[in-house]
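[1] need coordinates for the following:
(chains A and B)
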2 protein chains.
Amino acid sequence: METLRVELGERSYEIAIGKGCLGGVGEAVSKLSGVSPRLALISNPTVHALYGRAVEESLDSAGFETATIIVPDGEEYKGLMWVEKIYSELLRRRLDRQSVVLALGGGVIGDMAGFAAATYMRGIRFVQVPTTLLAQVDSSVGGKTGVNHPLGKNMIGAFWQPSLVWMDMDVLSTLPERQLLAGLSEVIKYGVIWDRGFFDYLREARKDILSLDAQAIARLVRRSCEIKADVVAKDEREGGLRAILNFGHTMGHAIETLTGYTKYLHGEAVAIGMYLEALLSERLGIMKQGGAEEVRALMDAYGLPFALPDGLKTDAMLGAMAVDKKTVGGQLRFVLPEEIGKVRVSEPVSEEDVRSFLNSL
Amino acid sequence: METLRVELGERSYEIAIGKGCLGGVGEAVSKLSGVSPRLALISNPTVHALYGRAVEESLDSAGFETATIIVPDGEEYKGLMWVEKIYSELLRRRLDRQSVVLALGGGVIGDMAGFAAATYMRGIRFVQVPTTLLAQVDSSVGGKTGVNHPLGKNMIGAFWQPSLVWMDMDVLSTLPERQLLAGLSEVIKYGVIWDRGFFDYLREARKDILSLDAQAIARLVRRSCEIKADVVAKDEREGGLRAILNFGHTMGHAIETLTGYTKYLHGEAVAIGMYLEALLSERLGIMKQGGAEEVRALMDAYGLPFALPDGLKTDAMLGAMAVDKKTVGGQLRFVLPEEIGKVRVSEPVSEEDVRSFLNSL
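    Numbering: from 1, shown residues only, chains lettered A, B, ... in the order given. The predicted model follows:
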């Protein structure tokens, strides 16, 4: 096992990365200080069928009395209604302040379980066992938890750091290819915002990565977590720098909202968002011509979408972006690349500029 | 105006205490750094009718565009349903990350508005303008926010510190006497847990306090806030010491839950809880005989209830206490006085001991 420490003062925690280590999670959780024997395992039907038993047995051996809570799979269920059901179950099973909520699943499970942990009895501990590439490289670092609201994605939530992240690379072997690729979209993002060399590596190692070569995957997960941990350690609550992690997300979220969270996986919508925001950056003269094409080519090499879906109206896009959390005083801001490996949060962009850009596509 | 600083590192804030200062709140809020012009004022119909216009005009003069959100009055509405309505309104009115949620009202408004602020866009700033004595001496310090769940009081919530607390003593003149007395119950608590001299002052100054003598009230509010700020500064997240603030609350919350949050005001239920827990402390040999009688006599002098209501079954009390947040691994703990002015968190008390104590009443 390799471990990576996320430095956040008293909220620091460790990410353990291994191969075939799922059965070790119970013992690792039991080492958290003063932990209660009552624990909740939150998962979805698909992941639970594959890995639930192994995790439950591991928790059982470590002396935990596990309340398993299954929530349906999919971004469209990531709402307050399911969080309420989780609260009821936590109370019914009498989880206490020293209890742990363990999330076994992808980003939806992690976001929802993390928000429930953040707000149950004003906050109990939270352990992540991410089972998708996206959750491993994205939601395992940074402490963002939350749910969607009909008027916008991730509008309700809390910053709540996990006490431990436990990752078994073997679980990726059962991940549908489409989900793997969607995860790679966020991996590509780290290259664009922070590390030109990593961007190039992703192009060169494409074949190894797509065949899930153990070394290539571990390198990619580790480097992604390192970059994110770097950024988050410098700005835990998104006062400034951390906003760069939202590259591709302003437009990506709007696309997800307008397609009802069903047409695209999160990473796919972000792939389109990254290409569009890279193009916008060129249009505004911030990135020199050719950068957006490099981004597009890498998306394409991994089979990711990059074109705005047919029928999405400019007005609807502008409306959806206006409720984005980066909007300040009604003005739109984007994270825009200056070159591959370096981005900045833009000055406010006028609605007319965004409108004419979207109309030109 | 007097100010009192609550020391919590980067989450420190000021409590301003004055007389006739309500119209100054807008200017004070506008001095918070980088604040957005879009602000939400959350209040209830009664308080809004009395003080809403003065606050709105003050905010207007200071350049804010205020979205007023009215929620119904009463502990029974302090639930997720109303928090969801607040979220929808915040989104509809496009409050952004730099916006402030201002709570104008008592504890219910403060708890709910604070929780909405804590979880809207993963946390925006929060200003309290408490209009009841209870909210001034209790919820204005400590950052506890949250709502009730059908299975227990304040089970869903977050620690979220206000950025400013603004108190006008004049608002107490319109507070119904029953509410004033309920607030005094928490004031008496500070005497019991921390300061024998303050406890004695409350007995001696009874007449001045009940006639709302300006000096007596300001002294009482200030000393209560000081004691709470002292405790909270030493233990923000209730790891240890802070639990002493829950004196009277384990039984008090159970009584509130079992009477559907309607029969008693919070402070009244806590008054009963304090007397019962003081009696339990004597019964367990922790406090010497006579202490509970002193507590009872002071409650009585202020017209507060102290007897368990007729018809409350011991089993129901035990069941309601079992979901209390201080319960760890299924064992009951209480905050028990050693003497007036000093309490401790008890070792776990067996269910049989609590049962036989309750049956003996």
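[2] now do the longest strand anywhere in chain A, average pLDDT.
    Ranked by residue count under DSSP state E, the longest strand found in chain A is strand A:152-159. Strand A:152-159 carries an average pLDDT of 92.
[3] and the helices in the stretch 251-361 of chain A?
    All helices of the stretch 251-361 of chain A, identified by DSSP state H, counting those that start in this stretch, fall at A:266-283, A:291-301, A:314-322, A:351-360.
[4] reformat these as a markdown table; add distance to residue A:160 and mean pLDDT.
    Heads up, the C-betas are built off the backbone N, CA and C, glycines and all. As requested, those are exported to a markdown table (distance: least, C-beta to C-beta, whole Å; pLDDT from 0 to 100):
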| stretch | distance to residue A:160 | mean pLDDT |
| --- | --- | --- |
| helix A:266-283 | 19 | 96 |
| helix A:291-301 | 32 | 97 |
| helix A:314-322 | 26 | 92 |
| helix A:351-360 | 33 | 93 |
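[5] just say which of those helices is most tucked in.
    Most buried of those, by mean neighbour count (mean count of other C-beta atoms under 10 Å in any protein chain shown): helix A:266-283, with a mean of 25.
[6] run through the neighbouring helices and strands of that one.
    Using 3 or more C-beta pairs under 8 Å, 6 or more residues apart in numbering or on different chains; DSSP states H and E, the elements in contact with helix A:266-283 are helix A:177-194, helix A:249-258, helix A:291-301, strand A:335-339, helix A:351-360.
[7] quick one: name the residues of the stretch 1-150 of chain A near chain B.
    Applying C-beta under 8 Å from any C-beta of the partner chain, one finds that the stretch 1-150 of chain A approaches chain B through A:36-38, A:80, A:84, A:87-88, A:91-92, A:94, A:96-98, A:115, A:118-123, A:144-146, A:149-150.
[8] so which of these belong to strands?
    A:38, A:144, A:145, A:146, A:149.
[9] for those, which entry has the maximal number of neighbours?
    Counting neighbours by other C-beta atoms under 10 Å in any protein chain shown, the top entry in these is residue A:145, with 28 neighbours.
[10] now do the closest residue to it other than its chain neighbours against chain B, distance only.
    Computed as C-beta to C-beta, 6 or more residues apart in numbering or on different chains, the closest residue to residue A:145 that is not its neighbour in sequence is residue A:114, at 3.2 Å. According to C-beta to the nearest C-beta, to the nearest Å, residue A:114 stands 11 Å off from chain B.
[11] I figured residue A:114 hits residue A:126, correct?
    Yes - between residue A:114 and residue A:126 there is a contact under C-beta atoms under 8 Å: 5.3 Å.
[12] mutual contacts of the two, please.
    Contact with both residue A:114 and residue A:126 is made by residues A:101, A:103, A:145, A:160, A:162, according to C-beta atoms under 8 Å, 6 or more residues apart in numbering or on different chains.
[13] and these, which is closest to chain B?
    Nearest to chain B among the shared contacts of residue A:114 and residue A:126 is residue A:145, at 8.0 Å by C-beta to the nearest C-beta.
[14] measure the closest one to residue B:167 for me?
    Residue A:145 sits 33 Å away from residue B:167, going by C-beta to C-beta, to the nearest Å.
[15] same question, residue A:238
    From residue A:238 across to residue B:167, the span is 31 Å (C-beta to C-beta).
[16] which one of the two has more residues nearby?
    Between residue A:238 and residue B:167, counted using other C-beta under 10 Å, residue B:167 has the larger neighbour count: 30 against 22.
[17] re earlier: nearest to residue B:350 among the helices of the stretch 251-361 of chain A would be which one?
    Residue B:350 lies closest to helix A:266-283 among the helices of the stretch 251-361 of chain A, at 50.3 Å (C-beta to C-beta).
[18] chain center to that closest one: distance?
    17 Å (C-alpha atoms, centre = their mean, to the nearest Å).
[19] that helix versus helix A:314-322: what angle between them?
    Taking axes from the mean of the first three to the mean of the last three C-alpha atoms, to 10 degrees, one finds helix A:266-283 and helix A:314-322 inclined to each other by 100 degrees.
[20] residue for residue, what is the longest helix chain A has?
    helix A:214-234 (DSSP state H).
[21] is chain B contacted by that one?
    No - counting by C-beta under 8 Å from any C-beta, chain B is not contacted by helix A:214-234; separation bottoms out at 13.3 Å.
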